[in-house]
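# sequence isn't available, so here's the structure alone:
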């Protein structure tokens, strides 16, 4: 999982210095974990995100942002509690979730928001 700095964030997620309106810069939808090393719930969610990064490799990117190190990025998103997870679909507004969510909840949000893989009845003739 890649740790983002302001510079890589501007290139891979959202260039807030250039755009006022949300404009996603990435190739794949992404989930961004705003965390800090001292945060206990962050330590609980970290291995879950590692597993999800492997499971969804090639479909989504999972990034981490250290709020202590990258205070400007944390301020841009008004991060007040951590972990905060930012879900960035390709063509829609990002959505924020807070707290150490369980893996099945994270998978549900990834599928609903990032991948839009709601199972629809498609008949192939």
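Thanks, I have it. No experiment lies behind these values; they were computed from the predicted model shown. Numbers count the residues shown, from 1 in each chain.
# could you use CA atoms for every contact and neighbour count after this?
OK.
# I'd say residue 34 and residue 69 touch.
No. Counting by C-alpha atoms under 8 Å, residue 34 does not reach residue 69; the two are 10.8 Å apart.
# looking at those two, which is more packed in?
Higher neighbour count among residue 34 and residue 69: residue 34, with 26 against 12, using other C-alpha atoms under 10 Å.
# for the more buried one, give its distance to residue 18.
22 Å (C-alpha to C-alpha, to the nearest Å).
# over to residue 59?
27 Å.
# please tell me how far residue 15 sits from residue 76.
For residue 15, the distance to residue 76 - C-alpha to C-alpha - is 11 Å.
# right, and residue 35 touches residue 84 too?
Yes. Judged on C-alpha under 8 Å, residue 35 makes contact with residue 84 at a distance of 7.0 Å.
# who has more neighbours, those two?
residue 35 (25 against 22).
# mind checking pLDDT for the more buried one?
Note for residue 35: predicted pLDDT of 98.
# cool, residue 1 as well?
86.
# residues touching it, list them.
50, 53, 62, 63, 64 (C-alpha atoms under 8 Å, 6 or more residues apart in numbering).
# just give the number of residues close to the fourth one.
What that stands for is residue 63. Residue 63: 20 neighbours (other C-alpha under 10 Å).
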